[in-house]
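Participant: Sequence and predicted structure, then a few things I'm wondering about:
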Amino acid sequence: MKTKKSLFFQKVTAPSTSPDAANPDVSSKSGSVQHLAAYGPLHALALRAVDQGFTVVPAENVGLHSIALPVKSTRQQAAALPFALEDAIACPLEQTHFSLLGDRSDGMTLAATIDVSCLLRYLEKGSPDSAIIPEQALIHPPVADAAGHVVWRAYRHADRVLVRASDGTGFAVHADVLAHIWQAAGKPRVDSYGADLPAGFPCNDLSAQEVPQPDSLFAADLRQGVYRPSQGFARPLKLLAACAAIAALFHLGIAVLDVRAQKAIAQDLRADAARALTPLLPDASPDDPPALLQRQLAALAAPQRGSSFLPLMDRVAEALLLLPDAVQFRQLNWAGDTLRLTVEAADLGALQRAETGLKDSGLLITVGSAAVDSGAARAELTVRP
């Protein structure tokens, strides 16, 4: 029985004339783990990817594209991707899965395409937590040359050549057709790893060095859109939301109880104040300004010497003198420490200001009838100290 790793390595062996090798996938039976003995540095990279939980799709099954998208957000790019690559793929759009592999420093976007049925086979056979990446991602793309021209990194094993370009794209071809593709691509500079490329093919022989590998493979995960794996956050988020709701209700209940307690205390204090004021100032209210109550209480505490008529008239006169309006006395009566006045002013507004000024001076004012006659306003005021 083949192990999980041996099944994976069947997909990255060199293609042959067998049907399985021509279209390698997870169910392919061509090749065996013994064929990997001379696989070189790429074998180590693939093995490391499997050990890290990745499933690698052979380059023959995945197309990589470098395109310019006019939109920047990931959601907008994903929506625009099928239309941008419609002319670059040979399959109908509804049978093709598109993935974003990231934005490059030159402003281009790297994208991948794979047949939906092929991707579904990998999803069915692989682990739910296993990222699915294209084989091209095992090789880090080279840097373009000084003139900005594309550079290739090529790795050959047997008759199969895996290529990764500096623009992020990549592919796998038979060694016999590599030269034709290279000429069609404008004869880019080629850095060669692994076995020697066909005789006479111009390249930089770097077979003695290890194949450069990327820092991370997660950015090349093809499981996007409807195939994106569940992050397992739904249940914890629901629990967190429920706890937050319960905590909010608990705090709201405490706030309601606190408000009720504060209102009860305020009502008790107001009742106590009213009971204390009534014997001394029957017409006073706990809601009156504190300064007014203080003056009224101070007046009660002042020693009484003789009649209070003159002191009261003096206070009335002082209060009225502060007003901008002229106020005249038409009638005056004094009895039992109570002064009854009939006052006259230019209009009712002046009489209201007179009333306010007398109250602000600490006097108790009761307003009787008021009338406007012959261009003057009259009102009856009852004044108490």
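Facilitator: Here it is on my side, so go on.
Participant: can you pull the pLDDT of Ala266?
Facilitator: At Ala266, the model reports a pLDDT of 86.
Participant: Could you verify that it is part of a helix?
Facilitator: Yes. Counting by DSSP: H, G, I helix; E, B strand; the rest coil, Ala266 is part of a helix.
Participant: Next up, the contacts around it.
Facilitator: The contact partners of Ala266, taken as CB atoms under 8 Å, 6 or more residues apart in numbering, number zero. Any C-beta I mention is one placed from the backbone N, CA and C, and that applies to glycine too.
Participant: quick one: it and Asp287, what's the gap?
Facilitator: 12 Å (CB to CB, to the nearest Å).
Participant: With Ile139 instead?
Facilitator: 84 Å.
Participant: And these two? Which one has more around it.
Facilitator: Comparing Ile139 with Asp287 by other CB atoms under 10 Å, the one with more neighbours is Ile139, at 24 against 9.
Participant: Go ahead and confirm the more buried one touches Gly170.
Facilitator: Yes. Between Ile139 and Gly170 there is a contact at 7.1 Å, judged by CB atoms under 8 Å.
Participant: what do the two both touch?
Facilitator: Leu162, Arg164.
Participant: which phi and psi does Val173 have?
Facilitator: Per-residue torsions, Val173: phi -140, psi 160 (degrees, to the nearest 10).
Participant: then the strand or helix carrying Leu293 to CSV, C-alphas only?
Facilitator: Following DSSP states H and E, one finds Leu293 within helix 290-301. The C-alpha coordinates for helix 290-301 follow below in CSV (Å, rounded to 0.1, in the frame of the first residue of the first chain):
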residue,chain,number,x,y,z
PRO,A,290,-30.3,78.0,47.1
ALA,A,291,-29.3,81.6,47.2
LEU,A,292,-32.9,82.8,47.4
LEU,A,293,-33.7,80.3,50.2
GLN,A,294,-30.5,81.4,52.1
ARG,A,295,-31.6,85.1,51.9
GLN,A,296,-35.1,84.2,53.1
LEU,A,297,-33.8,82.2,56.0
ALA,A,298,-31.3,84.9,56.9
ALA,A,299,-34.2,87.4,56.9
LEU,A,300,-36.1,85.3,59.4
ALA,A,301,-33.1,85.1,61.6
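Participant: Show me the contact partners of the helix or strand following that helix.
Facilitator: Per DSSP H and E, the first helix or strand lying C-terminal to helix 290-301 is helix 309-321. Applying CB under 8 Å, 6+ apart, the external contacts of helix 309-321 come out as 327, 334, 337, 339, 341, 354, 357-358, 360-363, 383, 385.
Participant: could you flag which of these are buried?
Facilitator: Val327, Leu339, Leu341, Ala354, Gly357, Leu358, Ser361, Gly362, Leu363, Val383, Pro385 (16 or more other CB atoms under 10 Å).
Participant: ok so, going back, now do the helix holding Leu293: which elements does it pack against?
Facilitator: If contacts are counted by 3 or more CB pairs under 8 Å, 6 or more residues apart in numbering; DSSP states H and E, helix 290-301 sits against no helix or strand.
Participant: And the pLDDT at the spatially most central residue of the chain?
Facilitator: The C-alpha lying nearest the average C-alpha coordinate of the chain belongs to Ser73 (CA atoms, centre = their mean; 14.6 Å). pLDDT for Ser73: 87.
Participant: cool, and the one 3 residues further on?
Facilitator: pLDDT, the model's per-residue confidence, is 90 for Gln76.
Participant: contacts for whichever strand or helix holds it?
Facilitator: Following DSSP H and E, one finds Gln76 within helix 74-84. With CB under 8 Å, 6+ apart as the test, helix 74-84 has contacts from Ile67, Leu69, Pro70, Val71, Leu93, Thr96, Phe98, Leu100, Thr109, Ala111, Gln224, Gly225.
Participant: okay, those residues in a markdown table with distance to Glu124 next?
Facilitator: As requested, those are exported to a markdown table (distance: CB to CB, whole Å):
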| residue | distance to Glu124 |
| --- | --- |
| Ile67 | 30 |
| Leu69 | 31 |
| Pro70 | 36 |
| Val71 | 33 |
| Leu93 | 23 |
| Thr96 | 18 |
| Phe98 | 20 |
| Leu100 | 23 |
| Thr109 | 29 |
| Ala111 | 24 |
| Gln224 | 17 |
| Gly225 | 17 |
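Participant: how much space between Lys72 and Asp167?
Facilitator: Distance from Lys72 to Asp167, by CB to CB: 19 Å.
Participant: more crowded one of the two?
Facilitator: Asp167 (19 against 10).
Participant: chain center to stretch 318-328: distance?
Facilitator: From the chain centre to the centre of stretch 318-328 is a distance of 65 Å (CA atoms, centre = their mean, to the nearest Å).
Participant: try stretch 346-361
Facilitator: With CA atoms, centre = their mean, you get 60 Å for stretch 346-361.
Participant: Give me the contact list for it.
Facilitator: 292, 295, 315-316, 318-320, 322-327, 343, 345, 365, 367, 370, 372, 375-379, 381, 383.
Participant: out of those, which are buried?
Facilitator: 292, 315-316, 319-320, 327, 343, 345, 365, 377-379, 381, 383.
Participant: Please identify which pair of those lies farthest apart.
Facilitator: Leu292 and Arg378 (26.6 Å; CB to CB).
Participant: Not including adjacent chain positions, what is the nearest residue to Thr113?
Facilitator: With CB to CB, 6 or more residues apart in numbering as the criterion, Thr113 has its nearest non-adjacent residue at 4.5 Å, and that residue is Gly63.
Participant: check contacts around the one you found.
Facilitator: Ala88, Ile89, Ala112, Thr113, Ile114, Phe171.
Participant: Thank you kindly, that will do.
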